[in-house]
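**Student:** With the sequence up front, the predicted model follows.
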Amino acid sequence: MVKAVAAVARERGAPLFLEEIELDDPRDDEVLVRVAACGVCHTDIKARDGYGSVVFPIVLGHEGAGTIVEVGSAVRDLTPGDRVLLVSDYCGRCSRCRAGRTAYCEEGPRRTFGAVRPDGSTRARIGREAIRASFFGQSAFATHALASERNALKVSEELPLQLFAATTCGMVTGAGAVLQVLPVDPGRSLAVLGTGTVGLAAVMAARVAGASIIVAVDQRPSRLEHARELGASHVVDTSTTPDLPHTLREITEGGCDAILDTTGSGELQLAAVQALAVLGQLGIAGGGGEPGVPLGSLMVGGKSVRGIIQGDSSGTLGLQRLLQLHQAGRFPFERLVRPYPFERVNDAIEDSLSGDTVKPVLIFPGG
């Protein structure tokens, strides 16, 4: 058993409580990580509010970064002292994983929101109370986390973990949607609905891809200004724009080649379909809203809608590409990050919800 301090979610929508938990010793394929930092994602917040198959009490956090403390007997490529970024876990055996589509692993829902091991066991407890501590295969809102060898990416000693903890979910989702899924090529147009972490990552990636028109859409002027600084050629404030489809068609002189929705808003998704060019594609990377796309409207102009999870990343490959772009000075995501001490986890969540902070990152003692 390993003692750790974790931010425990005990009931839907309530603040998290810092409590001492006991983590299991690592099983054969598991690694114990001393967490240095963990990004706060809107997926964590939705889970706190009861989204999906979440069962309380649970430790959230799925953008962890830290140092390996102990490894299981079957672990071959990681050793104590290695510095790692933690990504979403996957089975590695199903047809989708074997094809490199690990974001769509058949066991994905259980390994993410279920927050238990594949055999249904929990990784932590407080006394006799079971605590779900396998959220996305890590539960990194804690001083220590158990993960598997699959979802731990070894990184160099020079990589600042307190910064790069911000990259492993939202950043990869936005960048991957543009660089791997949507038809965003040199000279083409992209509109991004919503300028949170996912949306702003998409804006930066569109600049990397060479898009000629990059439109950021939001209702917060400060975020739109941020989008301009990061590469948007145009911005649209929906609070002062009565006809979004008309505005987007006018900017792009006929319609967008691609649109990425990060909001989950059915109303915005409908507007997006109306704003697409012939053969244009809408990518949906934000869930939770009411369906807003009438299927019949897609036939006109050969338009299509594509759901996107984790930017279609394959294990750690999408993250590795993002790190390379940052190293080359082409993906300045550090401009989105604001650090918070771990004990201020609830402040970080509230600042994310209010829009005061684009990307909060929790910093742990000794991290």
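**Tutor:** Great, that's in hand.
**Student:** And the helix or strand hosting residue 272, what does it pack against?
**Tutor:** Assigned by DSSP states H and E, residue 272 belongs to helix 266-275. Applying 3 or more CB pairs under 8 Å, 6 or more residues apart in numbering; DSSP states H and E, one finds that helix 266-275 contacts strand 189-193, helix 244-252, strand 256-261, strand 276-284, helix 296-299. All C-beta spots, glycine's among them, are computed from the backbone N, C-alpha and C.
**Student:** Take the ones you listed and lay them out in CSV including mean pLDDT.
**Tutor:** Below are the helices and strands packed on helix 266-275 laid out as CSV (pLDDT from 0 to 100):
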stretch, mean pLDDT
strand 189-193, 98
helix 244-252, 98
strand 256-261, 98
strand 276-284, 96
helix 296-299, 82
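**Student:** Now render those as CSV, adding mean neighbour count and distance to residue 357.
**Tutor:** CSV is the format used below for the helices and strands packed on helix 266-275 (neighbours: other CB atoms under 10 Å; distance: least, CB to CB, whole Å):
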stretch, mean neighbour count, distance to residue 357
strand 189-193, 30, 19
helix 244-252, 18, 26
strand 256-261, 29, 22
strand 276-284, 21, 24
helix 296-299, 11, 36
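**Student:** Using CSV, please lay out these together with distance to residue 176.
**Tutor:** Shown next, in CSV, are the helices and strands packed on helix 266-275 (distance: least, CB to CB, whole Å):
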stretch, distance to residue 176
strand 189-193, 14
helix 244-252, 23
strand 256-261, 11
strand 276-284, 10
helix 296-299, 23
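**Student:** how is the chain carved up into domains?
**Tutor:** Domain assignment for the chain by automatic domain parsing gives 2-165+333-363, 170-312.
**Student:** Identify whichever of those lies nearest to residue 324.
**Tutor:** Nearest to residue 324 among the domains of the chain is domain 170-312 (10.8 Å), distances taken as CB to CB.
**Student:** gap between that closest one and the chain center?
**Tutor:** Its chain's C-alpha centre and that of domain 170-312 lie 17 Å apart, by CA atoms, centre = their mean, to the nearest Å.
**Student:** With stretch 3-21 instead?
**Tutor:** What separates the centre of stretch 3-21 from the centre of its chain is 21 Å, taken as CA atoms, centre = their mean.
**Student:** among the helices and strands packed on helix 266-275, which is nearest residue 104?
**Tutor:** Proximity to residue 104 (CB to CB) singles out strand 276-284 among these, at 14.3 Å.
**Student:** Going toward the C-terminus from the longest helix along the chain, what's the next helix or strand?
**Tutor:** Using DSSP state H, we find that the single longest helix of the chain is helix 197-209. Using DSSP H and E, the next helix or strand after helix 197-209 towards the C-terminus is strand 213-218.
**Student:** Give the next helix or strand downstream of the helix or strand bottoming out on mean pLDDT in the chain.
**Tutor:** Of all helical and strand segments in the chain, the minimum by mean pLDDT, DSSP states H and E falls on helix 296-299, at a mean of 82. As assigned by DSSP H and E, the chain's next helix or strand after helix 296-299 is strand 304-307.
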